[in-house]
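> Quick check, what structure comes out for this input:
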Amino acid sequence: YDLLASQYEEISVIGHSLGGLLAITLAQLRPVKHLIVAAPAIFPDPAQKLYRFLARSQLLARVLAWTLPFLPKVRRKGRSTANDVLLDAAAEKYFQYPVAPVRGIFNILKLQARVDFAKAQFQTFDLLLGRQDLTVDCSAIRQAIVRQGVPHRVHNFDDTAHNPFVDYESELAGWIVIYI
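Presented below is the predicted three-dimensional model:
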């Protein structure tokens, strides 16, 4: 960020899922012009009990860090793949890590407890949510933002799950380029 800020007057940040969590954290530490987050991984969906448990269990998280790369990904209920994406064609385009950087992910998830939307420094804040998201609790995210009185715009996508950038690739790319 600091290198970019030394060369540009304005910086905008876009993040999805864990990247959305990082984008919000960055905006708490440094000012950004546009903060755009899609399904930020702040509150796991209530059905994601394993992730909630792992976020609190350091010992199990360490064991899992060594074993997870060898385990197959679980297919989500109502999905034809392990991805939280609605369309099979979109799921084929969705990048999957052959081995997840588990330790890094758990370190990023520790940031969930530090998210404070009211401390984020931005000119505009856009939240992109898929109405059929099985990964994050979109309702809890909205409630936290509203409860803290943070000005924002919400863009709900009826026919998408966790990643609107995959399901609405061309539409969102065009909107972001024009917007920023």
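> my read: residue 34 touches residue 15, true?
No. Using C-beta atoms under 8 Å, residue 34 is not in contact with residue 15, being 11.5 Å away. From N, CA and C alone the C-beta is placed, and that goes for glycine too.
> Look at those two and report which has more neighbours.
residue 15 (21 against 18; other C-beta atoms under 10 Å).
> Where do the helices of the chain begin and end?
Along the chain, the segments classed as helices by DSSP state H run 2-7, 18-29, 49-56, 58-67, 88-93, 102-109, 138-147, 164-167, 169-179.
> Go through those and find the least confident stretch.
Of all the helices of the chain, the minimum mean pLDDT falls on helix 49-56 (a mean of 63).
> ok, residue 133 touching residue 161?
Yes. The pair residue 133 / residue 161 is scored as a contact, 5.4 Å apart, by C-beta under 8 Å.
> more neighbours, the two?
Legend: neighbour count by other C-beta under 10 Å for residue 133 and residue 161, higher for residue 161 (25 against 22).
> For residue 155, which non-adjacent residue is closest in space?
Counting by C-beta to C-beta, 6 or more residues apart in numbering, residue 128 is the residue found nearest to residue 155 once chain neighbours are left out, at 4.9 Å.
> any idea how far residue 165 is from that neighbour?
In this view, residue 128 and residue 165 are 8 Å apart by C-beta to C-beta, to the nearest Å.
> ok, these two, which is more surrounded?
residue 128 (26 against 20).
> quick one, phi psi at residue 150?
With angles defined as degrees, to the nearest 10, residue 150 sits at phi -90, psi 130.
> tally of neighbours for it?
16.
> now residue 151
So residue 151, with other C-beta under 10 Å, has 9 neighbours.
> got the contact list for it?
The contact partners of residue 151, by C-beta atoms under 8 Å, 6 or more residues apart in numbering, come to residue 125.
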